[in-house]
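Asker: after the sequence you'll find the predicted model.
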Amino acid sequence: MLTLQYLLEENGVTVSDWPGQGIEETIRESKEFLRSAGARRLDQLWEKDPLYTIWLDHFVQLFRSRS
């Protein structure tokens with residue numbers, strides 16, 4: 001998260017209330033998925049799964065609210 005914040009600031013995007021609305025809900029959803037998904041295989045980390053969708057939705061909502 002800090003790396004993303006740094007990159008945004010370096011590109012002129014100011015984020016005053018980082019990481020934005022709804023982060024607690026996104027973290028909760030993420031943890032619930034990880035608990036229910038069981039063991040993760042490293043050779044499949046690149047695949048888009050429900051965890052990818054959870055975080056994609058969070059960031060799409062976060063940055064759309066800023067424009």
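Answerer: Received it, and whenever you're ready, just let me know what you need. Keep in mind that what you see is a predicted model, and the values were worked out from it rather than measured. Residues are numbered from 1 along each chain as shown.
Asker: can you check the pLDDT for Ser67?
Answerer: At Ser67, the model reports a pLDDT of 58.
Asker: same check, this time on Phe33
Answerer: 89.
Asker: packing partners of the helix or strand encompassing it?
Answerer: Per DSSP states H and E, Phe33 falls inside helix 23-37. In terms of contacts (3 or more Cβ pairs under 8 Å, 6 or more residues apart in numbering; DSSP states H and E), helix 23-37 is packed against helix 50-64. (C-beta placed from N, C-alpha, C; glycine too.)
Asker: the helix or strand bottoming out on mean pLDDT in the chain to helix 50-64, inter-axis angle?
Answerer: Across the helices and strands of the chain, mean confidence by mean pLDDT, DSSP states H and E is lowest for helix 2-10: a mean of 82. Orientation check (axes from the mean of the first three to the mean of the last three Cα atoms, to 10 degrees): helix 2-10 against helix 50-64 gives 30 degrees.
Asker: quick one: low-confidence parts of the protein?
Answerer: For the chain, the stretches with pLDDT under 70 are 1, 16-21, 65-67.
Asker: if you set the cut-off to 50 instead, what comes out?
Answerer: Along the chain, segments meeting pLDDT under 50 are nowhere present.
Asker: in the chain, which residue is closest to the centre?
Answerer: In the chain, the centroid-proximal residue (Cα atoms, centre = their mean) is Trp55; its distance is 3.5 Å.
Asker: isn't that residue up against Thr26?
Answerer: Yes: counting by Cβ atoms under 8 Å, Trp55 touches Thr26, with 6.7 Å between them.
Asker: show me what contacts Asp49?
Answerer: Ala37 (Cβ atoms under 8 Å, 6 or more residues apart in numbering).
Asker: from Gly22, how far out is it?
Answerer: Counting by Cβ to Cβ, to the nearest Å, the separation of Asp49 from Gly22 is 20 Å.
Asker: what do you get for Ser30?
Answerer: Going from Ser30 to Gly22 by Cβ to Cβ gives 12 Å.
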